[in-house]
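J.: I'll drop the sequence and a predicted model, then ask my questions.
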Amino acid sequence: MTQLYWETTGAGDRDLVMLHGWGLNAEVWRSTLARLSPHFRLHLVDLPGYGRSHSFPAMSLDEMVATLLPHAPAKALWLGWSLGGLAASKMALRHPERVSGVIGVATSPCFTAGEAWPGIKPETLSGFQRQLSEDFQRTVERFLALQTLGTETARQDARMLKNVVLSQQAPDVNVLNGGLEILRTTDLREAMLAFTVPLLRIYGALDGLVPRRIVPLLDQAWPDSEAVIIDKAAHAPFISHPEIFCQQLIDFDLKISH
């Protein structure tokens with residue numbers, strides 16, 4: 001039977017759904033739970049095909065959102081990291097009545113670099129797709145190392161991410177390929193001009209996958225959104241700077257709930 005892993009914890013009365021990034025699972029949020037639990041009712045989700053939701057096949061972004069929706073609280077804050085940020089944004093575009101706000105972490109409406117658009121070179125993503133079938137373990141490790149590059153705690157942070165991957169059954173290569181395909185081909189820039197829910201964007205100043213040069217471009221495109229750049233953080237700011245990160249979430253929730 002195909003079952004989605006959805007764990008609810010925390011003592012707060014505000015629902016916060018937490019979506020992880022490519023190749024990982026909900027265990028990636030464990031280091032934030034003690035700080036967030038008093039404020040939120042946390043919903044830790046393994047995206048379809050990942051972690052304990054491994055029985056799902058590769059999915060499109062729309063299929064992913066349709067799979068999450070029946071499990072979701074009536075109205076929640078949706079936090080999405082990297083690939084999870086695309087899913088959270090798509091949820092808000094499709095079902096704004098179910099979303100009280102979106103927090104995008106080290107994510108982009110369009111991950112692929114283009115003319116005058118900072119991002120990941122298309123050939124880098126294609127290269128990862130090609131390498132996956134040749135050496136799954138090494139490709140995932142390289143991707144994880146890229147996510148912490150440049151931070152003061154880079155080695156320790158990469159080890160933590162690797163432990164998160166190893167703590168659960170490895171995703172199927174087709175699922176990982178499907179995830180990279182979503183990152184390579186999705187472009188929500190136009191669609192998100194019509195975004196109707198409060199939006200907080202959190203970035204790492206040293207992020208090599210979602211460069212900080214994207215921030216002023218999105219400030220201009222989405223003037224009603226709020227952006228925070230965490231100094232000395234890379235692609236996983238909640239691991240390198242958990243206190244600053246959690247405080248941003250709590251402050252944003254207080255702001256939009258009053």
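T.: Structure received.
J.: can you count the residues close to residue 150?
T.: 16 (other Cβ atoms under 10 Å). Quick note: C-beta positions are derived from backbone N, CA and C, even for glycine.
J.: wait, it sits on residue 233?
T.: No: taking contacts as Cβ atoms under 8 Å, residue 150 lies outside contact range of residue 233: 9.1 Å.
J.: overlap of the contact sets of those two?
T.: residue 206 (Cβ atoms under 8 Å, 6 or more residues apart in numbering).
J.: tell me where this protein has strands.
T.: With strands called from DSSP state E, the chain shows them at 6-9, 14-19, 40-45, 76-81, 99-105, 199-204, 226-230.
J.: these: which one's closest to residue 143?
T.: strand 76-81 (13.6 Å; Cβ to Cβ).
J.: partners of the closest one in the sheet?
T.: strand 14-19 (parallel), strand 99-105 (parallel) (DSSP bridges).
J.: helices along the stretch 1-150 of the chain, start to end?
T.: Secondary structure of the stretch 1-150 of the chain, counting by DSSP state H, counting those that start in this stretch: helices at 30-36, 61-68, 83-94, 122-134, 136-148.
J.: out of those helices, deepest packed?
T.: Per-stretch averages of neighbours, counted by mean count of other Cβ atoms under 10 Å, single out helix 83-94 among these, with a mean of 25.
J.: quick check: angle from it to strand 199-204?
T.: With axes from the mean of the first three to the mean of the last three Cα atoms, to 10 degrees as the basis, helix 83-94 and strand 199-204 are set at 170 degrees to each other.
J.: pull the CA atoms of helix 83-94 into CSV?
T.: C-alpha atoms of helix 83-94 as CSV (Å, rounded to 0.1, in the frame of the first residue of the first chain):
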residue,chain,number,x,y,z
LEU,A,83,12.7,21.5,-4.0
GLY,A,84,10.2,21.6,-1.1
GLY,A,85,9.9,25.3,-1.7
LEU,A,86,8.5,24.7,-5.1
ALA,A,87,5.9,22.3,-3.7
ALA,A,88,4.9,24.8,-1.0
SER,A,89,4.6,27.6,-3.5
LYS,A,90,2.5,25.4,-5.9
MET,A,91,0.3,24.5,-3.0
ALA,A,92,-0.4,28.2,-2.3
LEU,A,93,-1.0,28.9,-6.0
ARG,A,94,-3.4,25.9,-6.4
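J.: report all helices and strands that that helix contacts.
T.: strand 14-19, helix 61-68, strand 76-81, strand 99-105, helix 173-185 (3 or more Cβ pairs under 8 Å, 6 or more residues apart in numbering; DSSP states H and E).
J.: try it again with 6 Å
T.: Packing partners of helix 83-94 (3 or more Cβ pairs under 6 Å, 6 or more residues apart in numbering; DSSP states H and E): strand 14-19, helix 61-68, strand 76-81, strand 99-105.
J.: let's have the ones you listed in JSON lines, adding distance to residue 216 and mean pLDDT.
T.: Output for the helices and strands packed on helix 83-94, formatted as JSON lines (distance: least, Cβ to Cβ, whole Å; pLDDT from 0 to 100):
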{"stretch": "strand 14-19", "distance to residue 216": "26", "mean pLDDT": "98"}
{"stretch": "helix 61-68", "distance to residue 216": "26", "mean pLDDT": "98"}
{"stretch": "strand 76-81", "distance to residue 216": "21", "mean pLDDT": "98"}
{"stretch": "strand 99-105", "distance to residue 216": "16", "mean pLDDT": "98"}
